[in-house]
Structures are given as structure tokens and as C-alpha cells.
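K.L.:
When you get a sec, could you give me coordinates for this:
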Amino acid sequence: MVLPGGWTVGTLHPTICYGDGTSDDFITLNTTHQYQSAGVYTACVVQKVVRISTNDTCCITTCKTVTIPVVTFFTAAYNCNTGLLTMTDGSSYYPSNTGATYTWTVTGGTYTGTLTNGPNQTITPTSSGSFAIVLSITLNGCTSTYNVTVPVVLPVAPITATPNPSCDGSPVFFSTPGMSCYWQFEMENFRIRPTPQHIYAGPGSYLVTLTATTPDGCVITTTKILLFNQNPL
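P.N.:
Modelled structure (predicted):
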């Protein structure tokens, strides 16, 4: 900003209006601003100046058009019933996302699936952990980046059978921690019983099936093979 002779900014600081309904007062000569959505904005700096000889004041306004082609945003959620971690693009684009390139990175856990150059992604976590997800979008020479962290806990329902192995005719006690349970022992079922017992009639290998619902609503099915020996004579 060039002032005419006899005028000065003195100790007065400018005000900048960013064109998106926000402004800053008493800024330094250099400032940054994060626009929340893509678009075309008119940013203006208003500087109060003083005439040295008379102490009169007036304002000088300087404006500039700012084009923001992309502001990156996405949501990510893990579904324990499907086993999928889904990332959904919610970015804003100006005038459109034509020509945009997408770079996804996922760290913090192992998974199957391939990250592609596209706005939406789906992977299958194979380990529990805090999955750090980063998306960078490049459009019309500008790159915008956004990141989130998603906790992933793979549901498990361990079957504890005591004793195992056992002898035929002896009761076996079953348990699994802190879940709503549906047990199946051959042709006999037990519903909503976390710690049932069952007596097998003869020696052999038997399959027990547990369908459990975790406190956060995940449904898991686990199987276990039990061995029963012949009772000694």
C-alpha cells in the first residue's frame, strides 16, 4: 500500500475481512486464514491512516479475489459386524471435482484392500489399533489435506471350556467374558446364558458354537472342538 505524502499509518494496525464472514483486527503484516469451504472470496484489508499535519484520519481499503478450489474433509467409521472401515469424502470443490487427484494413507494397523485414486475407500482391518487416515486432494494446482484417527477393536468371543479334554458323562462348564450369548451344543441350545454346563453322552470330538453380542452391538460367532475320552473301567 502506497500512501500519499504527509500521511502515515503510525501505530494503527489494519483490519482484514476474509470474505467468508470472518475478520481479524490488529494483524501483523503477514497472516494466514483457513477457509472452511471451496469457492471464490473477496478479501479486503482496511487500513486507517493519519495526516501528519492535521491529525485527520481516513481509511484505505484494498481488496483481492481469492479462489479456493478444494477444502478436504471426510468421515471414517468402522463397522464391527461387516468388518469394514469405510471412508466417505465430504470435501467441497470449486467449481467441481473434475481433475482432482486423491492420495490416501492409512497407518496404525494392518488391513486388506487397496487404496485407490478416488474420493471414497473401503478396507478391512485385520488388527486392532488406532488407524490414522490422511487424505490429500490436489485440484487446479492446490493441495488440501485432512486427517482423522479411527479406533478399531476387532471383536472376539473366546470360548472357555472346563475341563477340556474331559471324560464322557462328566459336566463341562462353558464361559465367555461380558457378552450376551447363544450357545449350541450339537442339537441342544442355550439362549442368553453366559456360563452354561453340558454333559456329553459318549467319547469323541464335539463341536460347540457360540454366537455372542458385544456391549457395542457386534455379533460374533466362534466355534471350538472338544475332546471326550472313554471313562476308565
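K.L.:
and stretch 69-76, which residues are buried?
P.N.:
Neighbour counts using 16 or more other CB atoms under 10 Å place 69-74, 76 of stretch 69-76 among the buried residues. (Glycine included, C-beta is placed from N, CA and C.)
K.L.:
looking at this structure, which helix or strand is least sure?
P.N.:
Across the helices and strands of the chain, mean confidence by mean pLDDT, DSSP states H and E is lowest for strand 188-191: a mean of 64.
K.L.:
That strand: what's the following helix or strand?
P.N.:
Tracing the chain past strand 188-191, the next element assigned as helix or strand by DSSP states H and E is strand 197-199.
K.L.:
That next one pairs with which strands, and in what direction?
P.N.:
Strands that pair with strand 197-199, judged by DSSP bridges, come out as strand 171-175 (antiparallel).
K.L.:
List the contacts of stretch 170-180.
P.N.:
Applying CB atoms under 8 Å, 6 or more residues apart in numbering, the external contacts of stretch 170-180 come out as 157-164, 166, 183, 192, 194-200, 208, 210, 212-215, 222, 226.
K.L.:
contacting residues around Cys142?
P.N.:
With contact taken as CB under 8 Å, 6+ apart, Cys142 is in contact with 68-70.
K.L.:
ugh, wrong one, I meant Thr61
P.N.:
Thr61 makes contacts with 44-47, as judged by CB under 8 Å, 6+ apart.
K.L.:
Flag every buried residue along stretch 78-90.
P.N.:
Residues of stretch 78-90 classed as buried under the neighbour-count rule (16+ other CB under 10 Å) are 78, 80, 83, 85, 87, 89.
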